[in-house]
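Quick one, fold the following:
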Amino acid sequence: MSKSKSFVVDQKVVYPSQGVGVIKSIVQKKFKDSKIPYYIIYLEVTDMTIMVPVDKAVELGIRPTVSRDEANKALELISEDYDPIPTDWKMRYQMNLELLKKGSIRDIASIVRSLYHRSKVKELPILERKLYDSAMKLLEDEISISLKKPKEDVQSMILARLEVE
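The predicted structure follows:
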């Protein structure tokens, strides 16, 4: 899959299940007999810098942060009705983990919505709770960047929409 989206230095991007990062530079690294371009991405949330081959970025699901409009649609999705999720937590966990790996903001919003409501019925198992916390953090980070609002405000917006019955 070499359909390559080009990112530029200082562009904010989302690395699925890792979070929002910034392209710090694009460097050439020698590998065998050729030079391969890499994105150097700094992930503030984990204070980690990663190198991703430019031609693998799309395959890994790296994408630009969403527009203001898409961020608002994700917020709307949180307060919409949803299909019941499996009661078997292992099945639910796998399903949500797959969505998290896909990394679209709508997928992440649906994870937050379903696990939040599930936690109101019964306490989430530890792994699922961690998944919920990760999805919530990813959602907060991306929406705060897209809407240019502080994370605390975005967190309040998300929780207010989750409480809508």
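
tell me what the helix ranked longest in the chain is packed against?
The longest helix of the chain (DSSP state H) is helix 126-147. The contact analysis (3 or more Cβ pairs under 8 Å, 6 or more residues apart in numbering; DSSP states H and E) places helix 126-147 against strand 12-15, strand 19-31, helix 68-79, helix 89-102, helix 105-121, helix 151-162. Glycine gets a C-beta too; all of them are placed from N, C-alpha and C.

Can you check which of those gets nearest to T49?
strand 19-31 (7.1 Å; Cβ to Cβ).

would you put the C-alpha positions of the closest one in CSV?
C-alpha atoms of strand 19-31 as CSV (Å, rounded to 0.1, in the frame of the first residue of the first chain):
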residue,chain,number,x,y,z
GLY,A,19,-2.3,9.9,20.0
VAL,A,20,-1.8,13.2,18.4
GLY,A,21,1.7,14.1,17.3
VAL,A,22,3.7,16.6,15.4
ILE,A,23,5.9,16.0,12.4
LYS,A,24,9.2,17.4,13.7
SER,A,25,11.3,16.6,10.6
ILE,A,26,11.6,14.4,7.5
VAL,A,27,15.0,12.6,7.3
GLN,A,28,16.7,10.2,5.0
LYS,A,29,18.2,7.1,6.6
LYS,A,30,20.4,4.7,4.7
PHE,A,31,19.1,1.2,4.6
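
Adjacent strands (with direction) for that strand?
Paired strands of strand 19-31, with direction, are strand 12-15 (antiparallel), strand 34-43 (antiparallel) (DSSP bridges).

out of these, which comes closest to L75?
When the strands paired with strand 19-31 are compared by Cβ to Cβ, strand 12-15 sits nearest L75, at 16.3 Å.

Which residues does the closest one contact?
7, 20-23, 41, 43, 50, 52, 60-65, 103, 105, 138, 142, 145 (Cβ atoms under 8 Å, 6 or more residues apart in numbering).
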